[in-house]
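1. Generate a structure from the sequence data that follows.
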Amino acid sequence: MSNPDPAYIVHPPTKGPILTDSRISDTSGRRRGVASEEVRRHNLTVVLERLHNSGEMTRSQLADQTGLNRSTIRDLIGELTGLGLVVEDRGATSVGPGRPSWVARTQPTGAVALAVELEVDSVSVATVGLGGHIFDKSSMSNPVGQQSPAEVVARLGSLAGPLLAGLPRNSNVAGVGVAVAGVVRRQDGFVHVSPNLGWNNVPLAGLISSGLGFDRVMMANEADLAALAEYRRTSAGQKRHMIFIAGEVGVGIGIIYDGKPMLGAAGYAGEAGHTIVNPHGRECRCGAIGCWETEVGEEALAKLIGHPVDAPRQELVAEVVRRAHSGEPEVFTALGHLGRWLGIGIGNLINTFNPELVVVGGFFQQLYPFLEKSLNEAARETALNAPWLSCAIRRSELGPDSTLIGASELVFAEVIGNPGGFASPAPAVSRVAPS
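-> Residues are numbered from 1 along each chain as shown. This next block holds a predicted model:
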């Protein structure tokens, strides 16, 4: 497993001191300080990260979780408050006698991410505040047929402008986080290939930066980001080994291994939708025959129920749910087929990665009540007994918001990593080019 990108690290909520401002002796016997500025910056990060991931906390809780003393916590909270990233007030209730404890929480307007999800059939945008607060979100269906990167960026700008204009006054927009279905080079947002979008070698982060007027544009694969969001924002964070299954037009997976994203040597791990499961199956957009997504992707489901393959996803899902509730045998046969192939793929992933948890997302999440039985049966038949017994399968707790929340985490990682150096950009409304 490669070392993860520092801007993408999942920090488990371990207890104990991270750094302390201790003193050591040099070779002459004189005592010298240990980079106190580095200690301060690191401890600011630790406290802000706890609040961002866990919600409001008292000073006592922060001291207990970080190992820092109460006076240090008080000073750090004071500095973060001065930076506009945290607010603190007396809690509504008190445990035991005396006044209520001081409670600190993130200030959502102190750092706002413009989160973007680029899919084959739609573009979605959300404004997300520090702590995971979603201010607003909007989406737009793409016209039938492949869209050029320039066309998609223009559509993105038309969605982003109203959302940014609608933010509370004095909101500090920290940057743009983008989730894209494809093989993405995270350090510069270069999309090597996105078979379903029909893109090859696209400097997408640069195009978005120019089109929207933001310097900070961070980008990663959509399934990786959905896995990150699920791990940080739901009960999945109690597990150290997790796989997220993203079901859209294609299929991708995000892997959390020992509490960290498993990204591969160059960051391209997780293209499970293009593993071969049926050599006698259909041709995939990538050019291979029998890829997993040809059996379980959105187009496969549409063909199984006789629905137009170019219809919007929500229309397809709504049609499936309606017909399933009506008891149509054709739909149950289609869902049984889809669940079986989805379970076969999940069983193979369980054998390969031995996760504690598999989370089913995307449109699979919406259809999970109808897929659960056939999916689990096929996964059980495919997986070896030992790894199967140590794994649970459930649907996403975040639902359709998982990818957008994950995209916002790319931006917040930069803010949290250096709170004191976080510079306030220009007003949000002026930073989007006219559509």
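
2. Any stretches of the stretch 1-150 of the chain with poor pLDDT?
-> 1-35, 91-99, 144-145 (pLDDT under 70).

3. if you set the cut-off to 50 instead, what comes out?
-> 1-34, 93-94 (pLDDT under 50).

4. need the strands for it, in chain order.
-> Using DSSP state E, counting those that start in this stretch, the strands of the stretch 1-150 of the chain run over residues 23-25, 31-33, 57-58, 86-90, 102-106, 112-118, 122-129, 133-141.

5. most neighbours per residue, which of those strands?
-> strand 112-118 (a mean of 28; mean count of other CB atoms under 10 Å). (Glycine included, C-beta is placed from N, CA and C.)

6. circling back: out of the strands of the stretch 1-150 of the chain, which gets nearest to His337?
-> Taking CB to CB, strand 122-129 is the member of the strands of the stretch 1-150 of the chain nearest to His337, at 25.3 Å.

7. Strands along the stretch 201-350 of the chain, start to end?
-> Using DSSP E, counting those that start in this stretch, strands in the stretch 201-350 of the chain cover 217-221, 242-247, 251-257, 260-261.

8. Which one of those has the poorest average confidence?
-> The weakest mean pLDDT among these belongs to strand 260-261, with a mean of 90.

9. How about the contacts made by the nearest residue to Arg70 once chain neighbours are set aside?
-> Leaving out its chain neighbours, the residue that sits closest to Arg70 by CB to CB, 6 or more residues apart in numbering is Ala63, at 5.2 Å. The contact partners of Ala63, by CB atoms under 8 Å, 6 or more residues apart in numbering, come to Asn69, Arg70, Ile73.

10. cool, Ile305 as well?
-> So Ile305 contacts Glu319, Val320, Arg323, Glu330, Val331, Ala334 (CB under 8 Å, 6+ apart).

11. Using the record's assignment, carve the chain into domains.
-> 6-106, 110-224+403-431, 235-397 (automatic domain parsing).

12. Count residues in the vicinity of Leu304, would you?
-> Neighbours of Leu304 under the rule other CB atoms under 10 Å: 18.

13. got a pLDDT number for it?
-> 91.

14. how much space between the nearest residue to Ala311 once chain neighbours are set aside and Asp121?
-> Nearest residue to Ala311, sequence neighbours excluded (CB to CB, 6+ apart): Ala302, at 6.8 Å. Ala302 is 11 Å from Asp121, where distance means CB to CB, to the nearest Å.

15. where along the stretch 251-400 of the chain do the helices fall?
-> Listed in chain order, the helices found in the stretch 251-400 of the chain under DSSP state H, counting those that start in this stretch are 292-296, 298-305, 313-325, 329-353, 363-382, 385-389.

16. about what we covered before: closest one to Glu409 among the strands of the stretch 201-350 of the chain?
-> Of all the strands of the stretch 201-350 of the chain, strand 217-221 comes closest under CB to CB, at 9.4 Å.

17. Point out the other helices and strands that the closest one packs with.
-> Secondary-structure packing of strand 217-221 (3 or more CB pairs under 8 Å, 6 or more residues apart in numbering; DSSP states H and E): strand 173-180, strand 183-185, helix 204-212, helix 402-417.
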